[in-house]
Each structure stands twice: as structure tokens, then as C-alpha cells.
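Student: With the input below, show me the fold.
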Amino acid sequence: MQPIKSICLAVLPLLFVSAVYGQFGPPEPQGTGPKLSPPTAFPAPGIFPTTESVTLLDADPQAVIHYTWDGSTPTSKSHVYDPLQVLFIGGIYEGDHGFKAGYTLRAVAMHEGNTNSNIANFQYVVDRRDRTAYVSEQILPGIRMIRDSDNDKMFLIQGTTKCVLIDSGQGTGKLKEYLSQYTGGLPIEAIFTHNHGDHIGQADQFIRDSKEHIGAPDRPGAERLLKARGIPDDVIAQYLLVIHQGDRVDLGDRSLIVYDVPGHTPGSIVIFDEKTGYLFTGDSYGSNSPTIPDALWLQFTPAPLDGYLATVKASRANFRGKVTNIMTGHNDQPLHGEAYLDNLQQALQSLMDKGDAVLVPSYRPTGLLQVTIGDRILDPDWVAINVNKAHYLPAPIDKIAGLTRLAIEGATLTPSFSPDVKSYTATVPPDASTVSVIAEPTSTRSSALAINGEPVTAGVPHPVTAAKNAGEIKIHVVAPDGTHSADYTVKVQ
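Tutor: Numbering: from 1, shown residues only. Got it, this is the predicted structure:
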């Protein structure tokens, strides 16, 4: 399909890729059975600011949907809609200037023996903003969502002593000047959830006047962008700062705490406002826009996803039950509560338990595989995760022996837990006599889990002696088929 550009919109009406040319052809043969219902479309026809996708649906699951984009009547010879894919519609630019592009989709349902449905007509418009333009709205008290021309999301958090901008999109306009109308004269400090271009694309506008923060593994990518934009090395060295797990950024009336969530990128982070329960996640936990449709992109990582599952469990342990709203990098509205994170964790766990059996074709990009939880159209908390099929499992599912959580209540593990690290040190308070050990196998189908030789229940705190220099805590986990096992040790000090 080729969109037709609206030229001089002030004078000419919007042109659609749909002008009907009367190419109806001979009548279609009809069955004598009941008439099928016409197809429906998700989302409903309307005006959209950026590339969208359209899903065609029919009440009869056996019906075949034929469709056209050129205004002609769909027939049995027209394109067949693949229910495993979506139809993309996009806006267009000329330089920085955005145009409107219109699309008319026509569809008919057919099934042998039935009477063909009426023809359904769906008109869509993609109205691209100029690349220099921004729109924003206050979505929660003290939180303003800003969107660039590609609908990337940025969040301005207003405190009493400073404002924090989470991510900076990738437009070409004067973002800092645009934001100044909402800051009340306070300085802006930036935090980047990761180093992809749609999240750090305008970092050069802020760094000369204020600090910018990013996870350590992602700093080189941000530094390259800043250098390419002409920012001097000494300015980058002074103001582009690494931010770590547990660091806080004080805004006067509130402070934001950072947690590491490597996976989407090595340096991905999330930012939690303990005062309000707002969680800002960028792409670290993915997004679940139903119409693009969106997903957590993990297809580029060569590492098995037991490590990412462990990261999700560890980060969630810091704020489980406290999250009121989640602001992702690409959702148009906040997600409420933690149902989305529950589904995310469930999707990852299903990969470890069932492997390839839960993989389905990805909507975007096509040609990949993903795991999904929930109905994309009906469930606001649905989840999809794109995977690297060659590497996402640490072992065949029946032979997975390992942990995705090891925690000791009342003590600190060194180093931080990772499934492939088997030896740790636990620093306990001097007066502690016991501590509780929590262990969760990578597979919920594991055939055995023991702490110091005693069988235990996954995820349930198990008390052990914690006197200083009491020796080692030993955790033993056995694969579902019993042929493989893994041992973790924790030296108490």
C-alpha cells in the first residue's frame, strides 16, 4: 500500500489511498448457508499520531478475511488476512515536516457454504507531528508526559528544588525550551533508563547546565551521541554521571531511587518514587501498547533469560506491593498497579517451564518468536516478550538445574545474586542467631530443593543458624528429570 501525501493541507482536503475506481469485477459466487458477519477492526477507525497497526477480526473463527487497500471491492482473489500478523499504516515526513496520510481498508468474510458478509470499510488517518513539535499532558499529580513526533514518551517530575526528566525522546525541536513552561524556573536533571536513541536522543540539550544520569554499562552509548552532537569531552566527563543500584536523586519533597534491570540493554534501570508509588521503567520491563503492538525486546541478548528472570524478581522485591502506577517508554497511559509485572514474571517463568511450547510468532518485528500472557485486545495488562530462540534457555527444559532467586533476610549477599554465580558471602548483624534463606528454582518443575540437606519449599523463608563464622549455607537444586543438579554456597560472616 502506498500512502498519498496531503499537500497544502490548509487548501486541499485530505487525500486517501482509497478513491474508489469502480473496479468491482464480476459478482462473487455465493453459498446458500447463513450470511457471515462483516469483519471488524482493532483499533477502531480514527486519527493516530504515528505508525499504527490494524487487526481484522471475524465472529466466525473459520471465516477467511479478504481485504484491499486500493479502494477496490475485496474478492476471493484479494489478499488473505493472516490472523498471526497485523497490517501496518504509517505517516510520512518531508524533512522535519509531518503530513497526514489516509488509508481506507475494505474487507469481506468468506467461508465455503456460507453467504459472504457485507463489505466492511475502515478509514484511518496517520497525522504526523513535525519532528520539532511536542505535546504533553499532566497524567498524574506532579507528572507530565511529553511525546515527540514518534510518540516516544518522556516524563517530567516536578519537585520543590528541582525537576527530573526521565528520558529525552528523539525529536529535533527545542525540548528544553518547551519544558521550561512547566518547570516553574527550577533546574532540570535528566535520568536515562537506557541508551537507545529514542530515550537519549536529545541529551545534548541539557548536559551543559545540569547533571545527566545513566546506568554504567550504557554510558558509552550516551557519550558517543553527545560527542557526535558537539558536546566537549570535559563537559561530558563532568556532567554525564553513572547511576547505580540504590542511588537516590533528591527533588526536595521526594526522592527517586534507582534499581538495575539489565536485559533490554546491559545498563537498563527503573526509577521508583517511594512517596507516590510511581515506577518509571522505560523499556526495562517492556511496554504493552496493544495497537503497535509492543513487546519487551530481548531478542538481541545472547544470554539465557534465567538471568533476566532473576533480575525481575530481585528488582520487584524492592517495591512489590507498593507500585501504584507504571510509566513505560511507549504506553500512552500509565499502567495501574502491578498486574502487568505479575504477567511479565509469569511469561518469563513459562519459558523456563515449557520452552518452545509457549512461543508464538511475533507481531513486531515479524519473523521472530515471542511468549505472551493475556489477550492483547481485551487485557490492559497483557505481556509479550520477544526472544532469541537460539539462546533464551539455559538448558533443555527437563535439565534446567539452577536458581532464579537467592535471598537472605537480614543479611546482604555479595556479589549480587545471579543464576550462574554459585558462591556468595553473607554479611549478618553481629547479634543475629538465625537468618531466613529464600530460594526459588529456575524451573517450577524442579524435582528437589534443599537447604543444608533439608528439603524446603520454593520461595518460603527457611531459618538457618547465622552465628558469625558459622560456616556455609548450602543450597541444592535438581532438574525436573533428575539428571542434573546445581549447588550454591553462602559463607556466613
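
Student: elements contacting the lengthiest strand in the chain?
Tutor: Under DSSP state E, the strand in the chain containing the largest number of residues is strand 97-110. If contacts are counted by 3 or more Cβ pairs under 8 Å, 6 or more residues apart in numbering; DSSP states H and E, strand 97-110 sits against strand 52-57, strand 64-68, strand 87-89, strand 92-94, strand 120-127. In this view, the C-beta of every residue, glycine as well, is placed from N, C-alpha and C.

Student: which sections of this protein are below the confidence cut-off?
Tutor: 1-27, 29, 467-470 (pLDDT under 70).

Student: how about the helices of it, start to end?
Tutor: In the chain, the segments counted as helices under DSSP state H are 175-179, 197-200, 219-228, 233-239, 306-316, 339-354.

Student: I'd say G402 and A486 touch.
Tutor: Yes. In this structure, G402 is within contact of A486 by Cβ atoms under 8 Å, at 4.8 Å.

Student: Give me the common contacts of those two.
Tutor: Both G402 and A486 are contacted by V477, under the criterion Cβ atoms under 8 Å, 6 or more residues apart in numbering.

Student: More neighbours: which of the two?
Tutor: Neighbours were tallied for G402 and for A486 using other Cβ atoms under 10 Å; the higher tally belongs to G402 (24 against 19).

Student: That one: what's it in contact with?
Tutor: The contact partners of G402, by Cβ under 8 Å, 6+ apart, come to 306, 394, 419-420, 441-442, 477, 486.

Student: how about 6 Å then?
Tutor: 419, 442, 486 (Cβ atoms under 6 Å, 6 or more residues apart in numbering).

Student: From the centroid of the chain, which residue is nearest?
Tutor: For the chain, the residue nearest the mean C-alpha position is G286 (1.1 Å; Cα atoms, centre = their mean).

Student: Please determine how far it is located from D356.
Tutor: Counting by Cβ to Cβ, to the nearest Å, the gap between G286 and D356 amounts to 20 Å.

Student: that older thread, adding mean neighbour count as columns, could you present the helices and strands packed on strand 97-110 in TSV?
Tutor: Output for the helices and strands packed on strand 97-110, formatted as TSV (neighbours: other Cβ atoms under 10 Å):
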stretch	mean neighbour count
strand 52-57	20
strand 64-68	21
strand 87-89	18
strand 92-94	13
strand 120-127	18
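
Student: hmm, who's touching the longest strand of the chain?
Tutor: Contact with strand 97-110 is made by 3, 5-6, 14, 16-18, 36, 39, 56, 58, 63-68, 74, 89, 91-92, 116-117, 119-130, as judged by Cβ under 6 Å, 6+ apart.

Student: any idea how far the residue nearest to T276 when sequence neighbours are not counted lies from D379?
Tutor: With Cβ to Cβ, 6 or more residues apart in numbering as the criterion, T276 has its nearest non-adjacent residue at 6.5 Å, and that residue is T324. Per Cβ to Cβ, T324 is found 20 Å from D379.

Student: Also F417?
Tutor: 31 Å.

Student: so A347 makes contact with N386?
Tutor: No. Counting by Cβ atoms under 6 Å, A347 stays clear of N386, with 11.1 Å between them.

Student: Distance to G102 and mean neighbour count for the helices of the chain - can I get that in JSON lines?
Tutor: Output for those, formatted as JSON lines (distance: least, Cβ to Cβ, whole Å; neighbours: other Cβ atoms under 10 Å):
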{"stretch": "helix 175-179", "distance to G102": "29", "mean neighbour count": "18"}
{"stretch": "helix 197-200", "distance to G102": "26", "mean neighbour count": "21"}
{"stretch": "helix 219-228", "distance to G102": "35", "mean neighbour count": "16"}
{"stretch": "helix 233-239", "distance to G102": "44", "mean neighbour count": "13"}
{"stretch": "helix 306-316", "distance to G102": "41", "mean neighbour count": "22"}
{"stretch": "helix 339-354", "distance to G102": "33", "mean neighbour count": "20"}
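
Student: Save those as JSON lines, and put in distance to P429 too.
Tutor: Putting those into JSON lines (distance: least, Cβ to Cβ, whole Å) gives the following:
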{"stretch": "helix 175-179", "distance to P429": "46"}
{"stretch": "helix 197-200", "distance to P429": "40"}
{"stretch": "helix 219-228", "distance to P429": "35"}
{"stretch": "helix 233-239", "distance to P429": "39"}
{"stretch": "helix 306-316", "distance to P429": "21"}
{"stretch": "helix 339-354", "distance to P429": "30"}
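
Student: looking at those, which is closest to Q30?
Tutor: helix 339-354 (43.8 Å; Cβ to Cβ).

Student: Now do the contacts for N318.
Tutor: By Cβ under 6 Å, 6+ apart, N318 lies in contact with Y259.

Student: dump the residue contacts of L87.
Tutor: V54.

Student: If we use 7 Å, what do you get?
Tutor: Taking Cβ atoms under 7 Å, 6 or more residues apart in numbering, we find L87 in contact with 53-54.

Student: Return the set of residues that bridge with it.
Tutor: Beta-bridge pairing for L87 (DSSP bridges): V54.

Student: about what we covered before: so which of the helices and strands packed on strand 97-110 comes closest to W297?
Tutor: Here strand 52-57 is closest among the helices and strands packed on strand 97-110 (Cβ to Cβ), at 16.2 Å.

Student: which helices and strands does the closest one pack with?
Tutor: Applying 3 or more Cβ pairs under 7 Å, 6 or more residues apart in numbering; DSSP states H and E, we find strand 52-57 packed against strand 40-42, strand 87-89.

Student: Which strands or helices does the first one pack on?
Tutor: This points to strand 40-42. Strand 40-42 packs on strand 52-57, going by 3+ Cβ pairs under 7 Å, 6+ apart.

Student: hang on, T412 packs against T425?
Tutor: No. With contacts defined as Cβ atoms under 7 Å, T412 does not count as touching T425, sitting 8.8 Å away.

Student: out of these two, which sits in the more crowded spot?
Tutor: Between T412 and T425, T425 has the larger neighbour count (other Cβ under 10 Å), namely 15 against 11.

Student: And that one, how far from R106?
Tutor: 67 Å.
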